[in-house]
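Novice: Sequence isn't available, so here's the structure alone:
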Ligand code: HEC
Ligand code: HEC
(Lines give C-alpha, C1' and ligand atoms only; values in the text may rest on other atoms or scores of the structure.)
(Ligands and ions follow the chains in the order given, each with its own letter.)
Protein backbone atom coordinates (compact mmCIF):
# COMPACT_ATOMS: atom_id res chain seq x y z
CA UNK A 1 0.00 0.00 0.00
CA UNK A 2 1.26 3.40 -0.79
CA UNK A 3 0.17 6.88 -0.56
CA UNK A 4 -0.15 10.42 -1.49
CA UNK A 5 2.37 12.61 0.16
CA UNK A 6 3.41 16.13 0.66
CA UNK A 7 6.82 17.42 1.48
CA UNK A 8 8.61 17.87 4.71
CA UNK A 9 10.16 21.20 3.88
CA UNK A 10 11.07 22.00 7.44
CA UNK A 11 13.83 19.41 7.47
CA UNK A 12 16.15 21.68 5.55
CA UNK A 13 15.33 24.60 7.79
CA UNK A 14 16.09 22.77 10.97
CA UNK A 15 19.04 21.13 9.25
CA UNK A 16 20.81 24.46 8.99
CA UNK A 17 20.05 25.41 12.58
CA UNK A 18 23.09 23.60 13.89
CA UNK A 19 23.07 25.47 17.16
CA UNK A 20 19.77 23.91 18.12
CA UNK A 21 21.14 20.42 17.65
CA UNK A 22 22.08 19.47 21.19
CA UNK A 23 19.09 21.30 22.55
CA UNK A 24 16.81 19.13 20.44
CA UNK A 25 18.66 16.01 21.42
CA UNK A 26 17.78 16.41 25.07
CA UNK A 27 14.46 18.20 24.88
CA UNK A 28 11.11 17.33 23.35
CA UNK A 29 9.28 19.49 20.80
CA UNK A 30 8.00 22.99 21.60
CA UNK A 31 4.52 22.31 22.85
CA UNK A 32 1.55 23.98 24.49
CA UNK A 33 -0.98 22.15 26.67
CA UNK A 34 -3.92 20.81 24.63
CA UNK A 35 -7.16 22.83 24.68
CA UNK A 36 -9.58 21.76 27.37
CA UNK A 37 -12.62 21.37 25.11
CA UNK A 38 -15.36 18.94 24.18
CA UNK A 39 -16.44 19.63 20.60
CA UNK A 40 -20.17 19.62 20.00
CA UNK A 41 -20.93 17.55 16.87
CA UNK A 42 -23.53 19.74 15.17
CA UNK A 43 -24.83 18.57 11.75
CA UNK A 44 -23.06 21.53 10.09
CA UNK A 45 -19.75 20.56 11.68
CA UNK A 46 -20.04 16.91 10.68
CA UNK A 47 -20.72 17.89 7.08
CA UNK A 48 -17.89 20.40 6.95
CA UNK A 49 -15.53 18.00 8.73
CA UNK A 50 -16.23 15.21 6.27
CA UNK A 51 -15.57 17.59 3.38
CA UNK A 52 -12.21 18.65 4.84
CA UNK A 53 -11.27 15.04 5.63
CA UNK A 54 -12.20 13.49 2.29
CA UNK A 55 -11.75 16.39 -0.10
CA UNK A 56 -9.93 19.62 0.76
CA UNK A 57 -7.17 18.30 3.03
CA UNK A 58 -7.40 14.69 1.84
CA UNK A 59 -6.60 13.25 5.27
CA UNK A 60 -8.15 10.13 3.88
CA UNK A 61 -5.52 9.80 1.15
CA UNK A 62 -2.62 9.38 3.59
CA UNK A 63 -4.43 7.70 6.46
CA UNK A 64 -6.40 4.99 4.63
CA UNK A 65 -5.52 1.73 2.93
CA UNK A 66 -5.98 2.23 -0.80
CA UNK A 67 -6.28 -0.03 -3.82
CA UNK A 68 -3.57 1.15 -6.20
CA UNK A 69 -4.40 -1.56 -8.72
CA UNK A 70 -7.16 0.92 -9.62
CA UNK A 71 -6.70 4.43 -11.00
CA UNK A 72 -5.66 6.87 -8.24
CA UNK A 73 -5.95 4.31 -5.44
CA UNK A 74 -9.54 4.52 -4.18
CA UNK A 75 -9.93 3.86 -0.43
CA UNK A 76 -10.61 0.20 0.39
CA UNK A 77 -14.05 -0.31 1.94
CA UNK A 78 -13.86 -0.33 5.74
CA UNK A 79 -10.21 0.85 5.78
CA UNK A 80 -10.74 4.63 6.01
CA UNK A 81 -8.40 6.25 8.51
CA UNK A 82 -6.79 3.00 9.72
CA UNK A 83 -3.17 4.02 8.98
CA UNK A 84 -0.81 2.53 6.41
CA UNK A 85 2.87 2.46 5.31
CA UNK A 86 4.12 5.38 3.17
CA UNK A 87 6.99 3.76 1.24
CA UNK A 88 8.24 6.79 -0.70
CA UNK A 89 11.89 6.94 -1.68
CA UNK A 90 12.15 10.59 -0.50
CA UNK A 91 11.54 9.58 3.13
CA UNK A 92 14.78 8.88 5.03
CA UNK A 93 13.64 5.69 6.76
CA UNK A 94 10.33 3.95 7.35
CA UNK A 95 7.12 5.84 7.89
CA UNK A 96 3.51 4.89 8.53
CA UNK A 97 0.51 7.18 8.82
CA UNK A 98 -1.36 6.73 12.09
CA UNK A 99 -4.64 4.98 12.84
CA UNK A 100 -6.95 7.98 13.38
CA UNK A 101 -10.18 6.03 13.83
CA UNK A 102 -11.68 6.13 17.37
CA UNK A 103 -10.41 2.64 18.24
CA UNK A 104 -9.38 2.75 21.93
CA UNK A 105 -6.35 0.50 21.67
CA UNK A 106 -4.77 1.37 18.33
CA UNK A 107 -6.41 4.67 17.31
CA UNK A 108 -7.54 7.94 18.90
CA UNK A 109 -10.27 6.41 21.10
CA UNK A 110 -8.64 7.57 24.35
CA UNK A 111 -7.57 11.02 23.16
CA UNK A 112 -9.32 14.23 24.23
CA UNK A 113 -10.64 16.53 21.52
CA UNK A 114 -8.00 19.07 22.51
CA UNK A 115 -5.24 16.51 21.96
CA UNK A 116 -6.59 15.80 18.47
CA UNK A 117 -6.65 19.51 17.62
CA UNK A 118 -3.06 19.82 18.85
CA UNK A 119 -1.83 16.85 16.80
CA UNK A 120 -3.45 18.18 13.63
CA UNK A 121 -2.37 21.82 13.89
CA UNK A 122 0.84 21.58 15.94
CA UNK A 123 2.30 18.14 15.20
CA UNK A 124 2.45 16.84 18.77
CA UNK A 125 1.10 13.36 19.60
CA UNK A 126 -0.86 12.56 22.78
CA UNK A 127 2.33 11.51 24.57
CA UNK A 128 4.19 14.73 23.62
CA UNK A 129 6.20 13.15 20.77
CA UNK A 130 6.84 15.27 17.65
CA UNK A 131 5.09 13.94 14.53
CA UNK A 132 7.15 13.47 11.40
CA UNK A 133 6.42 16.59 9.32
CA UNK A 134 5.22 14.70 6.27
CA UNK A 135 2.02 14.93 8.29
CA UNK A 136 1.22 18.45 7.00
CA UNK A 137 0.83 20.17 10.35
CA UNK A 138 2.96 23.06 9.17
CA UNK A 139 0.11 23.81 6.75
CA UNK A 140 -2.70 22.77 9.07
CA UNK A 141 -1.52 25.30 11.67
CA UNK A 142 -3.42 27.82 9.52
CA UNK A 143 -6.64 25.78 9.75
CA UNK A 144 -9.31 27.92 11.41
CA UNK A 145 -10.62 26.97 14.84
CA UNK A 146 -14.07 26.27 13.40
CA UNK A 147 -12.66 24.06 10.62
CA UNK A 148 -10.46 22.04 12.96
CA UNK A 149 -13.39 21.59 15.39
CA UNK A 150 -15.52 20.36 12.48
CA UNK A 151 -12.78 17.98 11.44
CA UNK A 152 -12.40 16.52 14.94
CA UNK A 153 -16.20 16.21 15.29
CA UNK A 154 -16.15 14.17 12.07
CA UNK A 155 -13.12 12.07 13.10
CA UNK A 156 -15.06 11.07 16.21
CA UNK A 157 -17.76 9.53 13.98
CA UNK A 158 -15.45 7.27 11.94
CA UNK A 159 -16.08 3.58 12.59
CA UNK A 160 -13.38 2.40 15.03
CA UNK A 161 -11.03 -0.12 13.39
CA UNK A 162 -8.41 -2.10 15.29
CA UNK A 163 -5.15 -1.76 13.36
CA UNK A 164 -1.83 -1.33 15.15
CA UNK A 165 0.52 0.92 13.17
CA UNK A 166 4.26 1.13 13.96
CA UNK A 167 5.95 4.38 14.99
CA UNK A 168 8.29 5.98 12.42
CA UNK A 169 11.82 4.64 12.02
CA UNK A 170 13.57 7.71 10.65
CA UNK A 171 17.30 7.77 10.06
CA UNK A 172 19.71 9.93 12.07
CA UNK A 173 20.15 12.94 12.02
CA UNK A 174 16.69 13.68 10.58
CA UNK A 175 15.22 11.55 13.38
CA UNK A 176 16.41 14.12 15.85
CA UNK A 177 16.06 17.30 13.82
CA UNK A 178 12.37 17.05 13.20
CA UNK A 179 11.69 17.36 16.92
CA UNK A 180 12.26 21.06 16.29
CA UNK A 181 9.41 21.42 13.81
CA UNK A 182 6.26 21.53 16.02
CA UNK A 183 5.15 24.96 17.17
CA UNK A 184 2.05 26.09 19.09
CA UNK A 185 -0.61 27.44 16.71
CA UNK A 186 -2.79 29.51 19.06
CA UNK A 187 -6.28 30.47 17.94
CA UNK A 188 -6.96 30.87 14.19
CA UNK A 189 -9.78 33.06 12.81
CA UNK A 190 -11.89 31.92 9.85
CA UNK A 191 -11.03 33.40 6.45
CA UNK A 192 -13.42 35.70 4.67
CA UNK A 193 -14.83 33.54 1.88
CA UNK A 194 -15.97 36.59 -0.08
CA UNK A 195 -12.30 37.43 -0.61
CA UNK A 196 -11.69 34.78 -3.26
CA UNK A 197 -7.94 35.24 -3.42
CA UNK A 198 -7.50 34.91 0.34
CA UNK A 199 -9.92 31.99 0.51
CA UNK A 200 -8.12 30.38 -2.43
CA UNK A 201 -4.79 30.67 -0.65
CA UNK A 202 -6.35 29.06 2.43
CA UNK A 203 -7.66 26.11 0.40
CA UNK A 204 -4.37 25.69 -1.47
CA UNK A 205 -2.57 25.58 1.90
CA UNK A 206 -4.96 22.97 3.33
CA UNK A 207 -4.69 20.92 0.11
CA UNK A 208 -0.88 20.97 0.01
CA UNK A 209 -0.75 21.96 -3.70
CA UNK A 210 2.56 23.81 -3.24
CA UNK A 211 4.38 20.98 -1.46
CA UNK A 212 3.46 18.48 -4.18
CA UNK A 213 3.95 20.84 -7.10
CA UNK A 214 7.37 22.19 -6.10
CA UNK A 215 10.45 20.06 -6.81
CA UNK A 216 12.32 18.88 -3.70
CA UNK A 217 15.97 18.19 -3.11
CA UNK A 218 17.08 16.52 0.14
CA UNK A 219 13.67 16.95 1.74
CA UNK A 220 13.40 20.68 0.98
CA UNK A 221 11.67 22.67 -1.78
CA UNK A 222 13.97 24.10 -4.45
CA UNK A 223 13.96 27.91 -4.07
CA UNK A 224 12.41 29.84 -6.95
CA UNK A 225 10.55 26.78 -8.28
CA UNK A 226 7.25 27.14 -6.41
CA UNK A 227 4.43 25.35 -8.26
CA UNK A 228 6.74 24.61 -11.22
CA UNK A 229 6.26 20.82 -10.93
CA UNK A 230 8.84 18.07 -11.13
CA UNK A 231 8.47 16.78 -7.56
CA UNK A 232 9.35 13.11 -7.89
CA UNK A 233 7.12 10.60 -6.13
CA UNK A 234 8.59 7.14 -6.29
CA UNK A 235 7.49 4.04 -4.44
CA UNK A 236 10.35 1.76 -3.27
CA UNK A 237 10.62 -0.84 -6.03
CA UNK A 238 7.47 0.49 -7.66
CA UNK A 239 6.10 3.14 -9.99
CA UNK A 240 7.03 6.79 -10.23
CA UNK A 241 5.22 9.99 -11.10
CA UNK A 242 6.28 13.65 -11.28
CA UNK A 243 3.99 16.58 -10.50
CA UNK A 244 2.98 18.96 -13.30
CA UNK A 245 3.98 22.60 -13.74
CA UNK A 246 0.92 24.59 -12.57
CA UNK A 247 2.45 28.07 -12.77
CA UNK A 248 1.11 30.63 -15.25
CA UNK A 249 3.84 29.82 -17.77
CA UNK A 250 2.02 29.50 -21.10
CA UNK A 251 4.23 26.90 -22.75
CA UNK A 252 5.13 24.52 -19.89
CA UNK A 253 2.54 25.41 -17.22
CA UNK A 254 -1.17 26.17 -17.23
CA UNK A 255 -0.92 29.86 -18.23
CA UNK A 256 -3.01 29.26 -21.34
CA UNK A 257 -5.91 27.79 -19.33
CA UNK A 258 -9.08 29.59 -18.32
CA UNK A 259 -11.40 28.83 -15.39
CA UNK A 260 -13.52 26.45 -17.47
CA UNK A 261 -10.54 24.37 -18.48
CA UNK A 262 -9.30 24.27 -14.87
CA UNK A 263 -12.77 23.22 -13.64
CA UNK A 264 -12.97 20.49 -16.28
CA UNK A 265 -9.49 19.22 -15.49
CA UNK A 266 -10.17 18.94 -11.75
CA UNK A 267 -13.47 17.18 -12.46
CA UNK A 268 -12.00 14.86 -15.13
CA UNK A 269 -12.28 11.72 -12.98
CA UNK A 270 -15.56 12.46 -11.24
CA UNK A 271 -17.17 9.51 -12.98
CA UNK A 272 -14.47 7.17 -11.60
CA UNK A 273 -15.01 8.60 -8.14
CA UNK A 274 -18.74 8.04 -8.25
CA UNK A 275 -19.01 4.80 -10.19
CA UNK A 276 -15.75 3.02 -9.43
CA UNK A 277 -12.21 3.50 -10.61
CA UNK A 278 -10.95 1.14 -13.36
CA UNK A 279 -8.00 -1.21 -13.08
CA UNK A 280 -4.83 0.37 -14.47
CA UNK A 281 -1.19 -0.55 -14.91
CA UNK A 282 1.70 1.15 -13.08
CA UNK A 283 2.23 3.53 -16.02
CA UNK A 284 -0.91 5.40 -14.94
CA UNK A 285 0.15 5.63 -11.31
CA UNK A 286 -0.49 9.07 -9.84
CA UNK A 287 -0.68 10.66 -6.41
CA UNK A 288 -2.55 13.80 -7.55
CA UNK A 289 -5.77 13.47 -5.50
CA UNK A 290 -7.96 13.37 -8.63
CA UNK A 291 -10.80 11.31 -7.12
CA UNK A 292 -10.93 13.51 -4.02
CA UNK A 293 -10.63 16.87 -5.76
CA UNK A 294 -13.43 15.94 -8.18
CA UNK A 295 -15.69 16.47 -5.14
CA UNK A 296 -14.58 20.09 -4.54
CA UNK A 297 -17.48 22.57 -4.54
CA UNK A 298 -17.81 25.02 -7.42
CA UNK A 299 -17.08 27.90 -5.05
CA UNK A 300 -13.88 26.27 -3.86
CA UNK A 301 -12.57 25.43 -7.35
CA UNK A 302 -13.08 29.07 -8.36
CA UNK A 303 -11.24 30.33 -5.30
CA UNK A 304 -8.35 27.89 -5.89
CA UNK A 305 -8.16 29.08 -9.50
CA UNK A 306 -8.04 32.73 -8.39
CA UNK A 307 -4.94 31.92 -6.36
CA UNK A 308 -3.28 29.44 -8.73
CA UNK A 309 -3.62 31.56 -11.87
CA UNK A 310 -1.60 34.32 -10.19
CA UNK A 311 1.43 32.13 -9.49
CA UNK A 312 4.44 33.65 -11.29
CA UNK A 313 5.31 31.93 -14.57
CA UNK A 314 8.25 29.53 -14.33
CA UNK A 315 9.45 27.69 -17.40
CA UNK A 316 9.90 24.02 -16.52
CA UNK A 317 8.99 21.23 -18.88
CA UNK A 318 7.96 18.14 -16.91
CA UNK A 319 7.29 14.67 -18.19
CA UNK A 320 4.86 13.54 -15.48
CA UNK A 321 4.86 9.87 -16.44
CA UNK A 322 8.41 9.05 -17.57
CA UNK A 323 8.59 5.88 -19.60
CA UNK A 324 4.86 5.83 -20.32
CA UNK A 325 3.34 6.16 -23.81
CA UNK A 326 3.23 9.84 -24.82
CA UNK A 327 -0.57 10.07 -24.84
CA UNK A 328 -0.88 9.94 -21.04
CA UNK A 329 2.21 11.96 -20.25
CA UNK A 330 0.49 15.28 -20.48
CA UNK A 331 -3.20 16.21 -20.38
C1 HEC B 1 0.81 13.60 3.42
C2 HEC B 1 0.26 12.59 4.29
C3 HEC B 1 -0.66 13.01 5.40
C4 HEC B 1 -1.78 13.81 5.32
C5 HEC B 1 -2.36 14.51 4.10
C6 HEC B 1 -2.35 13.81 6.64
N7 HEC B 1 -1.59 13.08 7.50
FE8 HEC B 1 -1.95 12.81 9.48
N9 HEC B 1 -0.20 11.80 9.66
C10 HEC B 1 0.62 11.43 8.60
C11 HEC B 1 1.74 10.66 9.13
C12 HEC B 1 2.86 10.09 8.29
C13 HEC B 1 1.55 10.57 10.52
C14 HEC B 1 2.44 9.85 11.53
C15 HEC B 1 3.60 10.71 11.94
C16 HEC B 1 4.39 10.13 13.08
O17 HEC B 1 3.98 9.10 13.63
O18 HEC B 1 5.41 10.72 13.44
C19 HEC B 1 0.33 11.30 10.82
C20 HEC B 1 -0.17 11.48 12.11
C21 HEC B 1 -1.42 12.04 12.40
C22 HEC B 1 -2.00 12.14 13.72
C23 HEC B 1 -1.31 11.72 15.03
C24 HEC B 1 -1.70 10.33 15.40
C25 HEC B 1 -0.87 9.75 16.53
O26 HEC B 1 -1.16 8.60 16.91
O27 HEC B 1 0.07 10.40 17.01
C28 HEC B 1 -3.25 12.68 13.57
C29 HEC B 1 -4.27 12.96 14.65
C30 HEC B 1 -3.43 12.94 12.16
N31 HEC B 1 -2.30 12.56 11.47
C32 HEC B 1 -4.57 13.49 11.61
C33 HEC B 1 -4.65 13.94 10.28
C34 HEC B 1 -5.76 14.70 9.76
C35 HEC B 1 -7.04 15.01 10.51
C36 HEC B 1 -5.44 15.02 8.46
C37 HEC B 1 -6.21 15.88 7.49
C38 HEC B 1 -6.54 17.23 7.95
C39 HEC B 1 -4.15 14.42 8.18
N40 HEC B 1 -3.70 13.78 9.31
C41 HEC B 1 -3.51 14.50 6.96
C42 HEC B 1 0.45 11.76 7.29
C43 HEC B 1 -0.55 12.58 6.78
C1 HEC C 1 -0.02 14.49 -3.37
C2 HEC C 1 0.56 15.35 -4.33
C3 HEC C 1 -0.32 16.33 -5.04
C4 HEC C 1 -1.18 17.25 -4.47
C5 HEC C 1 -1.56 17.44 -3.02
C6 HEC C 1 -1.65 18.07 -5.56
N7 HEC C 1 -1.15 17.62 -6.73
FE8 HEC C 1 -1.67 18.28 -8.59
N9 HEC C 1 -0.55 16.80 -9.46
C10 HEC C 1 0.27 15.94 -8.78
C11 HEC C 1 0.93 15.07 -9.73
C12 HEC C 1 1.91 13.96 -9.37
C13 HEC C 1 0.49 15.45 -11.02
C14 HEC C 1 0.91 14.88 -12.36
C15 HEC C 1 0.37 13.52 -12.62
C16 HEC C 1 -1.05 13.52 -13.04
O17 HEC C 1 -1.42 14.34 -13.90
O18 HEC C 1 -1.82 12.73 -12.49
C19 HEC C 1 -0.47 16.53 -10.80
C20 HEC C 1 -1.19 17.18 -11.81
C21 HEC C 1 -1.98 18.30 -11.62
C22 HEC C 1 -2.67 19.01 -12.68
C23 HEC C 1 -2.70 18.62 -14.15
C24 HEC C 1 -1.81 19.53 -14.94
C25 HEC C 1 -1.87 19.27 -16.43
O26 HEC C 1 -0.98 19.77 -17.09
O27 HEC C 1 -2.79 18.59 -16.87
C28 HEC C 1 -3.29 20.08 -12.10
C29 HEC C 1 -4.11 21.16 -12.82
C30 HEC C 1 -2.99 20.05 -10.70
N31 HEC C 1 -2.22 18.94 -10.43
C32 HEC C 1 -3.42 20.99 -9.79
C33 HEC C 1 -3.33 20.82 -8.40
C34 HEC C 1 -3.93 21.73 -7.43
C35 HEC C 1 -4.67 23.01 -7.79
C36 HEC C 1 -3.68 21.21 -6.20
C37 HEC C 1 -4.17 21.71 -4.88
C38 HEC C 1 -5.60 22.01 -4.78
C39 HEC C 1 -2.91 19.99 -6.41
N40 HEC C 1 -2.70 19.81 -7.75
C41 HEC C 1 -2.48 19.16 -5.38
C42 HEC C 1 0.41 15.84 -7.41
C43 HEC C 1 -0.32 16.56 -6.47
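Specialist: Great, that's in hand. Not measured: the values here are computed from a predicted model. Ligands and ions are numbered 1, 2, ... in the order given.
Novice: Near ligand 1, which residues of the stretch 101-250 of the chain are found?
Specialist: 116, 119-120, 125, 131-132, 134-136, 140, 151, 167-168 (C-beta under 6 Å from any ligand atom). To be clear about C-beta, it is placed using only N, CA and C from the backbone, and glycine gets the same treatment.
Novice: so who does the residue of the stretch 201-331 of the chain at minimum distance from ligand 1 touch?
Specialist: Going by C-beta to the nearest ligand atom, ligand 1 is nearest to residue 208 of the stretch 201-331 of the chain, at 6.5 Å. Counting by C-beta atoms under 8 Å, 6 or more residues apart in numbering, residue 208 touches 6, 57-58, 136, 139.
Novice: likewise residue 162?
Specialist: 103, 105-107.
Novice: which two from these end up farthest apart in space?
Specialist: Pairwise distances across these peak at 7.6 Å for 105 and 107 (criterion: C-beta to C-beta).
Novice: Compare these two (neighbour count), which wins?
Specialist: Between residue 105 and residue 107, residue 107 has the larger neighbour count (other C-beta atoms under 10 Å), namely 24 against 11.
Novice: Surely the more buried one and residue 97 touch.
Specialist: No - assessed by C-beta atoms under 8 Å, residue 107 is found out of contact with residue 97, at 11.8 Å.
Novice: ok, the residue in the stretch 151-300 of the chain that ligand 1 sits nearest to - how many residues close by?
Specialist: Distances between the stretch 151-300 of the chain and ligand 1 by C-beta to the nearest ligand atom are smallest at residue 168, namely 4.6 Å. Around residue 168 sit 20 other residues, with neighbours defined as other C-beta under 10 Å.
Novice: my guess is it contacts residue 96, does it?
Specialist: Yes - taking contacts as C-beta under 8 Å, residue 168 lies within contact range of residue 96: 7.0 Å.
Novice: Phi and psi next, for residue 151.
Specialist: phi -60, psi -50 (degrees, to the nearest 10).
Novice: And the pLDDT for residue 156?
Specialist: We have a pLDDT of 98 for residue 156.
Novice: Ignoring the adjacent residues along the chain, who's closest to it?
Specialist: Once flanking residues are discounted, residue 156 sits nearest to residue 102: 6.0 Å by C-beta to C-beta, 6 or more residues apart in numbering.
Novice: residue contacts, the one you found?
Specialist: Per C-beta under 8 Å, 6+ apart, neighbours of residue 102: 108-109, 155-156, 158, 160.
Novice: right, and out of those, which lies closest to residue 45?
Specialist: Comparing those against residue 45 with C-beta to C-beta places residue 156 closest, at 10.2 Å.
Novice: So the closest one is in contact with residue 38, correct?
Specialist: No - applying C-beta under 8 Å as the test, residue 156 and residue 38 come out as separate, 10.2 Å apart.
Novice: how close does residue 123 sit to residue 28?
Specialist: 12 Å (C-beta to C-beta, to the nearest Å).
Novice: Comparing the two, which shows the higher neighbour count?
Specialist: Taking other C-beta under 10 Å, residue 123 and residue 28 do not tie; residue 123 has more neighbours (28 against 13).
Novice: All the strands of the stretch 101-250 of the chain, in order from the start?
Specialist: Assigned by DSSP state E, counting those that start in this stretch, the strands in the stretch 101-250 of the chain fall at 169-170, 216-217, 220-221, 232-234, 240-242.
Novice: since we're on residue 206, how many residues are nearby?
Specialist: With other C-beta under 10 Å as criterion, residue 206 counts 20.
Novice: check contacts around it.
Specialist: 52, 56-57, 139-140, 142-143, 147.
Novice: Can you report phi and psi for the nearest residue to residue 115 once chain neighbours are set aside?
Specialist: Distance criterion C-beta to C-beta, 6+ apart; nearest residue to residue 115, sequence neighbours excluded, is residue 34 at 4.6 Å. Backbone torsions for residue 34, taken as degrees, to the nearest 10, come to phi -60, psi 150.
Novice: and residue 34, what does it touch?
Specialist: 112, 114-115, 117-118.
Novice: Can you tell me which of those end up in helices?
Specialist: 114-115, 117-118 (DSSP state H).
Novice: Throw the residues you listed into TSV and include pLDDT and distance to residue 251, thanks.
Specialist: Output for those, formatted as TSV (pLDDT from 0 to 100; distance: C-beta to C-beta, whole Å):
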residue	pLDDT	distance to residue 251
114	98	50
115	98	49
117	98	44
118	98	45
